[in-house]
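K.L.:
return atomic coordinates for the entry below.
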Amino acid sequence: MSSSSATILDQIIAHKRREVAERQSLVPVKLLERSLYFENQPLSLRKYLLRDDLSGIIAEFKRKSPSKGWINPHAPVERTTLGYMQAGASALSVLTDTEFFGGKNEDLTIARRYNFCPILRKDFVVDAYQILEAKSIGADAVLLIAAVLTADQVLSLGRFARELGLEVLLEVHDSEELDRTLHADAVNLVGVNNRNLHDFSVSLDTSMELAQRIPAEFVKVSESGLTSAAAIEQLRGAGYRGFLIGEAFMRHSRPEKACSTLVQELRATEPVTVL
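P.N.:
Numbering: from 1, shown residues only. Next up is the predicted model:
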C-alpha cells in the first residue's frame, strides 16, 4: 500500500476509534438497545440480491469521499433513497461516516423510515459497539473491511453481527485479504472493491480475477467503477449477484433518475420470455 493511501486509511481508522470511544461515553449500550428498531427482524440482503425479479443493484447514498471531496452535498435522503427503490434497486447502502464521507446515522434512519428493503450501513467498523449502533438505527447489514481488520477481528465482529440478526458484507481488494479473512460463520456476502488502494485506479479485472476464488456459498458483490449495463452483465456472467453503485448515481443532480436509467438499460438486455 502506498504511503498516501495508507495515510488516508490510517487517518480514517484513528479518527473512527476516537469517535466510537466518544459515542460510547455519550450513548451507552443500554440506550441503543431501547431503540424502536432494535427488536425488529432485519431483512436479508442476501435474499434480495438473489431474487431474479430485482436488479441486484445496491444503490448508495454518499455525499462525499476522501479522494474526490464533495460529490452531492444537497441530495435529500428521503427522495433519493425512495427513488432508488422505485427505480428498481434491490437494496440501499448508506454512508454514516461524517468526517470523511459527510454522512450521519440519521441518514440511515430516514432511509429506513421510508423504505422496506435491506439497508447496508456503510462505515468503518472497528468495534462491536458500532454493530449494536447499526442495529439501533435500522440497518439490516454491516460492512467489514478486510484492509483495516485482522482475521480475528473479522471473525469476532462478524459473529457478533450475525448473533444480532444482521448480515455481513466482507469487503476485499485482493486474494490475500480474501484468503486471510473469509469465515463461513462470520460472513454472508463478499464484496470485491475494484478500487486499487495503491493508486486509487479502478478496474473490473479485480472482480473478474477474484470471482472463482470466492466459494459459491457466499453471494458475490462487485463494488466501485460500475457505470454501465454491459459491465453488470459481464459481472453476472462471472457469478456476481450484487452491484454496489454510489458515485455513478450521486454525481447526478437527481441520483434516483440515474439509477432508473441504468435499471432500464439492464432490463432491455434481458431475454424476452415467450409464453
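K.L.:
Arg23: what's it in contact with?
P.N.:
The neighbours of Arg23, taking C-beta atoms under 8 Å, 6 or more residues apart in numbering as the test, are Tyr129, Glu133. C-beta coordinates here come from the backbone N, C-alpha and C atoms, glycine included.
K.L.:
run the last query once more with 7 Å
P.N.:
Applying C-beta atoms under 7 Å, 6 or more residues apart in numbering to Arg23 gives no contacts.
K.L.:
surely Glu60 meets Leu244?
P.N.:
Yes: with contact defined as C-beta atoms under 7 Å, Glu60 and Leu244 form a contacting pair (6.2 Å).
K.L.:
quickly list what's touching both of these two.
P.N.:
Ser93.
K.L.:
doesn't Val20 lie inside a helix?
P.N.:
Yes: assessed by DSSP: H, G, I helix; E, B strand; the rest coil, Val20 belongs to a helix.
K.L.:
any idea how many residues pack against the residue nearest to it when sequence neighbours are not counted?
P.N.:
Distance criterion C-beta to C-beta, 6 or more residues apart in numbering; nearest residue to Val20, sequence neighbours excluded, is Asp127 at 4.9 Å. Using other C-beta atoms under 10 Å, Asp127 is surrounded by 17 other residues.
K.L.:
use 400 as the first number for this chain going forward.
P.N.:
Right, with 400 as the first residue, what we last looked at is Asp526.
K.L.:
please look at Asp526 and Glu418 and confirm they touch.
P.N.:
No: contact criterion C-beta under 7 Å: Asp526 and Glu418 do not qualify, at 10.0 Å.
K.L.:
helices along the chain, start to end?
P.N.:
Taking DSSP state H to define them, one finds helices in the chain at 402-425, 428-431, 444-449, 476-486, 504-513, 527-535, 550-562, 574-580, 604-609, 628-636, 646-649, 654-668.
K.L.:
okay, these in CSV with distance to Arg594 next?
P.N.:
Formatted as CSV, the helices of the chain follow (distance: least, C-beta to C-beta, whole Å):
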stretch, distance to Arg594
helix 402-425, 10
helix 428-431, 32
helix 444-449, 21
helix 476-486, 22
helix 504-513, 22
helix 527-535, 22
helix 550-562, 20
helix 574-580, 13
helix 604-609, 8
helix 628-636, 14
helix 646-649, 10
helix 654-668, 19
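K.L.:
so which of the ones you listed comes closest to Glu438?
P.N.:
helix 527-535 (9.4 Å; C-beta to C-beta).
K.L.:
tabulate the CA atom coordinates of the closest one in CSV.
P.N.:
The C-alpha coordinates for helix 527-535 follow below in CSV (Å, rounded to 0.1, in the frame of the first residue of the first chain):
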residue,chain,number,x,y,z
ALA,A,527,-18.6,-4.2,18.4
TYR,A,528,-20.3,-1.0,19.6
GLN,A,529,-20.8,0.1,16.0
ILE,A,530,-22.6,-3.1,15.2
LEU,A,531,-25.0,-2.5,18.1
GLU,A,532,-25.4,1.0,16.8
ALA,A,533,-26.1,-0.2,13.3
LYS,A,534,-29.0,-2.4,14.7
SER,A,535,-30.3,0.5,16.7
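K.L.:
same for that helix, what does it pack against?
P.N.:
Contact partners of helix 527-535 among helices and strands, from 3 or more C-beta pairs under 7 Å, 6 or more residues apart in numbering; DSSP states H and E: helix 402-425, helix 428-431, helix 550-562.
K.L.:
highest mean neighbour count out of those helices?
P.N.:
Highest mean neighbour count among these (mean count of other C-beta atoms under 10 Å): helix 550-562, with a mean of 18.
K.L.:
what's the closest non-adjacent residue to Ile509?
P.N.:
Excluding the flanking residues, the one nearest Ile509 by C-beta to C-beta, 6+ apart is Val476, at 4.5 Å.
K.L.:
correction: the previous question concerned His414.
P.N.:
Here the residue nearest His414, using C-beta to C-beta, 6+ apart, is Glu498, at 5.5 Å.
K.L.:
which residues of the stretch 500-649 of the chain score low on pLDDT?
P.N.:
By pLDDT under 70, the low-scoring segments of the stretch 500-649 of the chain are 597.
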